[in-house]
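pasting the structure only:
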């Protein structure tokens, strides 16, 4: 199993551009999450999904959108990128919502200039 | 949402000493409490977890204790080694994971 795979690993985006961060998992996990981690800071939940077709906002959803058309994929869309969205983005998945470990992807380092 | 507070934000210990990191949470419905270690430039990885029906769990040099009444749990690392240097995050889980702000542990040789 590859686990949780994110692409790209690094990206530089210009202000006002849009892009999609890809996340896929091969563990048949129901729950998937997107977090952002600013330098020296903790992980803030952007969006999460409890299964295909179901998504919900986390702590910091503004400026982002997600979709979950399949169990495996959970892309994160940035519209009209702003410098404040410069961060490391982590996708994670877990089998259930309670009492289960979250597995993280390797992260996407995004810089908005 | 859940409020998770983690202390201290930085911790420096001598090799061989013990390190303790503490977290408090607000939602009494939370029932799963994992600890993650994040090395520089890498993804967070689970090192130990505890469920609400258990008060303490050990795995070699690391242990976690949970006090559900007081809503706090702690990570204990004994006989610290330089490779323990990293950022440690506590988390609470009830349908989604909320993370503490992290503790940067530095183990001096």
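Perfect, thanks for sending it. Keep in mind that what you see is a predicted model, and the values were worked out from it rather than measured.

Residue B:34 is in what secondary structure piece?
Residue B:34 belongs to strand B:32-38 when assigned by DSSP states H and E.

Show residues contacting that strand.
Applying C-beta atoms under 8 Å, 6 or more residues apart in numbering or on different chains, the external contacts of strand B:32-38 come out as A:98-102, B:23, B:25, B:44-52, B:62, B:64, B:66, B:73, B:75, B:86-94, B:97, B:99, B:102. For every residue, glycine as well, the C-beta is placed using N, CA and C.

any low-confidence regions in the chain?
No chain in the question, so chain A it is. Residue ranges of chain A with pLDDT under 70: A:97.

Oops, wrong one, chain B.
B:1.

Quick check: residues of it near chain A?
Residues of chain B lying close to chain A (C-beta under 8 Å from any C-beta of the partner chain) are B:1, B:6, B:31-32, B:34, B:42-46, B:49, B:51, B:89, B:91, B:93-102.

Can you flag the buried ones in those residues?
B:6, B:31-32, B:34, B:43-44, B:49, B:89, B:91, B:93-94, B:96-102 (16 or more other C-beta atoms under 10 Å in any protein chain shown).

Which of the contacts of strand B:32-38 fall in strands?
Among the contacts of strand B:32-38, the ones falling in strands (DSSP state E) are B:23, B:25, B:45-51, B:62, B:64, B:66, B:73, B:75, B:86-93, B:97, B:99.

Against chain B, how distant is the residue nearest to residue A:80 when sequence neighbours are not counted?
Once flanking residues are discounted, residue A:80 sits nearest to residue A:16: 5.6 Å by C-beta to C-beta, 6 or more residues apart in numbering or on different chains. For residue A:16, the distance to chain B equals 29 Å [C-beta to the nearest C-beta, to the nearest Å].

close enough to count as contact, residue A:16 and residue A:81?
Yes. Counting by C-beta atoms under 8 Å, residue A:16 does reach residue A:81; the two are 6.5 Å apart.

Which one of these two is surrounded by more residues?
residue A:81 (20 against 10; other C-beta atoms under 10 Å in any protein chain shown).

for that one, helix, strand, or coil?
Look at residue A:81: counting by DSSP: H, G, I helix; E, B strand; the rest coil, its state is coil.

tell me the contacts of it?
When contacts are counted by C-beta under 8 Å, 6+ apart, residue A:81 touches A:13, A:14, A:15, A:16, A:17, A:18, A:19, A:112.

Please verify my assumption that the first one contacts residue A:112.
Yes. At 5.0 Å, residue A:13 counts as touching residue A:112 under the criterion of C-beta under 8 Å.

Pretty sure residue B:69 sits in a strand.
No. Counting by three-state DSSP, residue B:69 is not found in a strand; it is coil.

neighbours of it, just the number please.
Look at residue B:69: counted by other C-beta under 10 Å, it has 7 neighbours.

residues in contact with residue 14?
Using chain A here. By C-beta under 8 Å, 6+ apart, residue A:14 lies in contact with A:81, A:112, A:113.

wait, chain B
For residue B:14, the contact set (C-beta under 8 Å, 6+ apart) comprises B:80, B:107, B:108.

and the gap between the last one and residue A:90?
Here the criterion is C-beta to C-beta, to the nearest Å. By it, residue B:108 lies 29 Å from residue A:90.

ok, and the closest non-adjacent residue to the spatially most central residue of chain A?
The centroid of chain A falls nearest to residue A:34 when counting by C-alpha atoms, centre = their mean (3.0 Å). Closest residue to residue A:34 apart from its sequence neighbours, by C-beta to C-beta, 6+ apart: residue A:46 at 4.4 Å.
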